[in-house]
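Asker: Predicted model and sequence follow; I will ask about them next.
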Amino acid sequence: MQIQVINVAQRLPAWAELASDEYLRRMPRDITPKLVTIPLARRRAGQPESLPQQQESLLIMEKITPGSLNIALDERGTQWSSGDWSSNLQRWMFEFPRVNLIIGGPDGLSAQCLEACQQRVAMGRMTMPHALVRVVLLEQLYRAWTILKGHPYHRE
């Protein structure tokens, strides 16, 4: 199974790169997520707010392979516990050759991109910087794997 984290962002701060690299290093090879960064579209005064969002979503859609499970990280999505992440990871490993976890830009994902996703997951009710969302997502994927393996990292 291949997990692809598609992230719309500028260059991430060094702390986010270090934290992301740490969780990627800990993951087993067979499920280590591939990080794909889509550049932020330019925002100009006077242009429709939806234009950059649509441009970013078109680039995201180019990275999605037909037959993939696509999951949008969206503030209006379902909130998952760490146990939910683990259960879903286990299901993905048996049912899908490729899973895309999609983090939109500052304006979110376009309606077209959201429609291409089979699920929407919220990382909580808080607003977070995109760099932190990526780190938290990678940590939850690592935690989900440790739960499946009975590793003591997760304590409940």
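Answerer: Sure, I can see it.
Asker: Could you list every helix and strand in contact with the one helix or strand in the chain whose mean pLDDT sits lowest?
Answerer: Ranked by mean pLDDT, DSSP states H and E, the weakest helix or strand in the chain is helix 50-62, scoring a mean of 91. Here helix 50-62 touches strand 2-8, strand 34-38, helix 111-115, going by 3 or more Cβ pairs under 8 Å, 6 or more residues apart in numbering; DSSP states H and E. Bear in mind the C-beta positions are built from the backbone N, C-alpha and C, glycine included.
Asker: Give me whichever of these is most buried.
Answerer: strand 2-8 (a mean of 22; mean count of other Cβ atoms under 10 Å).
Asker: Can you list the strands that it pairs with?
Answerer: Strand 2-8 pairs in its sheet with strand 34-38 (parallel), strand 98-103 (parallel), by DSSP bridges.
Asker: and it, how far from the chain's centre?
Answerer: 6 Å (Cα atoms, centre = their mean, to the nearest Å).
Asker: what inclination does that strand have with respect to helix 50-62?
Answerer: Angle between the axes of strand 2-8 and helix 50-62 is 160 degrees (criterion: axes from the mean of the first three to the mean of the last three Cα atoms, to 10 degrees).
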